[in-house]
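A.B. asks: sequence and predicted structure, then a few things I'm wondering about:
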Amino acid sequence: MDNNYEQNNLNNVPDYNKTKSNLVWLFVIVIVVIIVAAYYIYTHYYSSSIKNNQINMSEILPLESLESKKLYTIPSDQAKNIKTNSQPGQNIEDMILFSHDHQQFAYAVTQKRAEINEWSQTPGEYFVIYNGKSGKIYTGGINELKMSSDGKPGYIALNLQTSTGNYYKYIVVVGEDEKGQYNDASNIDFSQDGKHWACNVKIGDVGVQDNIVLDGNILGGKNENIENFGFNTTSDKFAYGIQNNQFYSLKVISLEKTDISSNYFSNNMVYFSGKPEQIVFSSDGKQIAFVVGQDKKQVVLNSNKLKDFQIIDNLSFNSKDGNHLIYVGSDNSSKSIILDNTEMKKYQGPYIYVSELSMSADGNNYGYIFEGVGQDTENKYVMINDKITFKYPSVKNLIFSPDGKKIAFIAMSSMATNPFIVVSNIDGSNKKEIKNSLIFPTSSSMNLGISNLIFNSDGKKVIYNAIINDYSYSTGADLFAIVDSAE
């Protein structure tokens, strides 16, 4: 009986090897279930929410049909990253670009900084977000992000390379396509219709040469350095400066690449003592103006050189018929507003600033933002035809309505408050401060940024983009397109 009892007990002893095997299988099954569940959650919720947060191009409306709407929410980590990478004085709205239709956007993200020294290179991670979609990652950086009028981003991407003498290879990116790699690249820009692009590049391994790439084609010949350029407003002409030995000239071509310089210069090519800069065309394409000179600067209007100044900026034609040319000329401590080669106003003082000089489309009015010693240094002044129209601690984006009868700008009543839109008649009457309830913060913990202000075609509405975020960016940043009455 004892033997039978012992045998029964032996039969009841657990098989530990079999139990261990069962536990392993159970563990594997649990892991598989977790992975499958995680994949399901990602594909059905997380990834779909990312996809849904991207801009649906079929929902882009014509500008005249646009109504106020939220476009996108920048995730918290990206919003913090954008602010961290801004320059002193820049706000987050300065780092986000919007299209002319106000419904598309782009911004650059630095996910990991590159580290470079004499002995080693550690790649970084840099990319562009375009309409909510992440672009290709580059190892060296993103430079000069621009947005075309039809909503394409353009930028210079940098990749680290191991070859000596140059840490980077520069890649020109337009939309989502890489257009070429160069020893250096800068100053990417688009034609007004967005169909053409150009940028400065350096080519050649020995005796690096400055050139321009226009729609992927290198301009210029051997021993020619080509730098500054400009498109005309109808996007069918292109001008660029050429240096050959010690001589500078300007060449004008149609965008079919045929030389049409003789249309602008009496002897086809005019030579200058300095490289052409600030190249602008009249709206009808019949006139061209640019700045030349070294110690002294001059505006050249077609073949005619105008008055000398030490510095010339804000050069532009009026937009309706292009018959009026305006700019700011500076000498020592004075600044002059020059309209059609006539001095309209002269300011004296060592700290005088004139910015955003522009004309109404019909050329009957001009305006600018003024600040300087001798005035109320706490404010910036909105000047229309050299008369003070308004003053605020902060003013930017001064524009005229298409009929030239109204102005609008972005203002702040103090540097610690949120911005708003001001609309008025040219003489300052019928002033209206717009604080749209959809975006204007009701809490002191929220921050508002405004950019990309325009009038619609009949001047009855103002359209702009807005960015709202809490100061810690804990909830990211919301992007809006806003339409308000200008009447």
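C.D. replies: That came through fine.

A.B. asks: so where's the stretch 351-487 of the chain uncertain?
C.D. replies: 373-376 (pLDDT under 70).

A.B. asks: the strands in it, which residues?
C.D. replies: 352-359, 366-372, 380-384, 387-392, 394-400, 406-412, 420-425, 432-434, 446-455, 461-470, 477-485 (DSSP state E, counting those that start in this stretch).

A.B. asks: need these in TSV (columns: distance to residue 345 and mean neighbour count).
C.D. replies: All C-beta atoms are positioned from the backbone trio N, CA, C, and that covers glycine. Shown next, in TSV, are the strands of the stretch 351-487 of the chain (distance: least, C-beta to C-beta, whole Å; neighbours: other C-beta atoms under 10 Å):
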stretch	distance to residue 345	mean neighbour count
strand 352-359	9	18
strand 366-372	9	21
strand 380-384	8	22
strand 387-392	10	17
strand 394-400	16	20
strand 406-412	18	22
strand 420-425	21	20
strand 432-434	27	14
strand 446-455	25	20
strand 461-470	28	22
strand 477-485	32	20
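
A.B. asks: put together CSV for these, with distance to residue 262 on each row.
C.D. replies: Shown next, in CSV, are the strands of the stretch 351-487 of the chain (distance: least, C-beta to C-beta, whole Å):
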stretch, distance to residue 262
strand 352-359, 29
strand 366-372, 32
strand 380-384, 39
strand 387-392, 43
strand 394-400, 34
strand 406-412, 40
strand 420-425, 45
strand 432-434, 49
strand 446-455, 36
strand 461-470, 41
strand 477-485, 45
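
A.B. asks: strands of the stretch 151-300 of the chain, residue ranges please.
C.D. replies: Using DSSP E, counting those that start in this stretch, strands in the stretch 151-300 of the chain cover 153-160, 168-174, 177-182, 184-190, 197-203, 209-214, 217-218, 224-231, 237-244, 247-254, 271-272, 277-281, 288-292, 297-301.

A.B. asks: which residues touch the last one?
C.D. replies: Strand 297-301 is contacted by residues 270, 272, 274, 276, 287-292, 305-312, 315, 325, 327, 338, 341 when judged by C-beta atoms under 8 Å, 6 or more residues apart in numbering.

A.B. asks: also the fourth one?
C.D. replies: Contacts of strand 184-190 with the rest of the structure, by C-beta under 8 Å, 6+ apart, involve 143-144, 146, 148-149, 152, 154-156, 170-172, 174, 196-202, 208, 213, 229, 231.

A.B. asks: what's the angle between the host helix or strand of residue 328 and strand 366-372?
C.D. replies: Using DSSP states H and E, residue 328 falls within strand 325-331. On the basis of axes from the mean of the first three to the mean of the last three C-alpha atoms, to 10 degrees, strand 325-331 is oriented at 20 degrees to strand 366-372.

A.B. asks: can you give the strand pairings for strand 325-331, parallel or anti for each?
C.D. replies: When pairs are called by DSSP bridges, strand 325-331 turns out to pair with strand 311-317 (antiparallel), strand 334-339 (antiparallel).

A.B. asks: of those strands, give the one that comes closest to residue 225.
C.D. replies: strand 311-317 (22.2 Å; C-beta to C-beta).

A.B. asks: go through that closest one and flag the buried ones.
C.D. replies: Across strand 311-317, burial judged by 16 or more other C-beta atoms under 10 Å covers 312, 313, 314, 315, 316, 317.

A.B. asks: how about stretch 167-177?
C.D. replies: By neighbour count on 16+ other C-beta under 10 Å, the buried set for stretch 167-177 is 168, 169, 170, 171, 172, 173, 174.

A.B. asks: residues in contact with it: which ones?
C.D. replies: Under C-beta under 8 Å, 6+ apart, the answer for stretch 167-177 is 116, 121, 128, 130, 135-136, 138, 140-141, 152-161, 178-185, 188, 197, 199, 201, 213.

A.B. asks: who's in contact with residue 378?
C.D. replies: Residue 378 sits next to residue 393 when contact means C-beta under 8 Å, 6+ apart.

A.B. asks: around residue 487, how many other residues sit close by?
C.D. replies: 10 (other C-beta atoms under 10 Å).

A.B. asks: looking at the strands of the stretch 151-300 of the chain, which one has the lowest mean pLDDT?
C.D. replies: Lowest mean pLDDT within the strands of the stretch 151-300 of the chain: strand 271-272, a mean of 74.

A.B. asks: and that one, what other elements does it pack with?
C.D. replies: Applying 3 or more C-beta pairs under 8 Å, 6 or more residues apart in numbering; DSSP states H and E, we find strand 271-272 packed against strand 247-254.

A.B. asks: and residue 141, how many neighbours does it have?
C.D. replies: Count around residue 141 with other C-beta under 10 Å applied: 19.

A.B. asks: find the nearest non-adjacent residue to it, please.
C.D. replies: What sits nearest to residue 141 in space, not counting adjacent residues and going by C-beta to C-beta, 6 or more residues apart in numbering, is residue 158, at 4.3 Å.

A.B. asks: that older thread, which of the contacts of strand 297-301 count as buried?
C.D. replies: Neighbour-count burial (16+ other C-beta under 10 Å) is assigned, among the contacts of strand 297-301, to 270, 272, 274, 276, 287-292, 306-307, 309, 312, 315, 325, 327, 338.

A.B. asks: turn the strands paired with strand 325-331 into a markdown table, columns for distance to residue 346.
C.D. replies: A markdown table is the format used below for the strands paired with strand 325-331 (distance: least, C-beta to C-beta, whole Å):
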| stretch | distance to residue 346 |
| --- | --- |
| strand 311-317 | 14 |
| strand 334-339 | 5 |
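
A.B. asks: does residue 480 have beta-bridge partners, and which?
C.D. replies: The partner residues for residue 480, given DSSP bridges, come to residue 70, residue 466.

A.B. asks: number the chain from 719, please
C.D. replies: In the new numbering, first residue 719, that becomes residue 1198.

A.B. asks: quick check: it vs residue 1134, distance?
C.D. replies: Counting by C-beta to C-beta, to the nearest Å, the separation of residue 1198 from residue 1134 is 22 Å.

A.B. asks: and if you look at residue 1008?
C.D. replies: For residue 1008 relative to residue 1134 (C-beta to C-beta), the value is 42 Å.

A.B. asks: same question, residue 871
C.D. replies: From residue 871 over to residue 1134 (counting by C-beta to C-beta), the distance is 33 Å.

A.B. asks: now the residue nearest to residue 859: how far from residue 854?
C.D. replies: Residue 876 is 12 Å from residue 854, by C-beta to C-beta.

A.B. asks: mind listing the helices for the stretch 769-918 of the chain?
C.D. replies: For the stretch 769-918 of the chain, the helices defined by DSSP state H, counting those that start in this stretch cover 794-802.

A.B. asks: which stretches of it have low pLDDT?
C.D. replies: Using pLDDT under 70, the flagged stretches of the stretch 769-918 of the chain are 769-779, 801-808, 836, 880-884.

A.B. asks: distance check, residue 1105 against residue 1118.
C.D. replies: 15 Å.

A.B. asks: now swap in residue 1001 and tell me
C.D. replies: From residue 1001 to residue 1118 the distance is 14 Å (C-beta to C-beta).

A.B. asks: ditto for residue 1072
C.D. replies: Distance from residue 1072 to residue 1118, by C-beta to C-beta: 17 Å.

A.B. asks: my read: residue 1158 touches residue 1138, true?
C.D. replies: Yes: here residue 1158 reaches residue 1138: they are 7.3 Å apart, a contact under C-beta atoms under 8 Å.

A.B. asks: how about the contacts made by residue 955?
C.D. replies: Here residue 955 is in contact with 949, 970, 971, 972, 973, 978, 999, 1003 (C-beta under 8 Å, 6+ apart).

A.B. asks: rerun that using 7 Å as the cut-off
C.D. replies: Taking C-beta atoms under 7 Å, 6 or more residues apart in numbering, we find residue 955 in contact with 970, 972, 973, 999, 1003.
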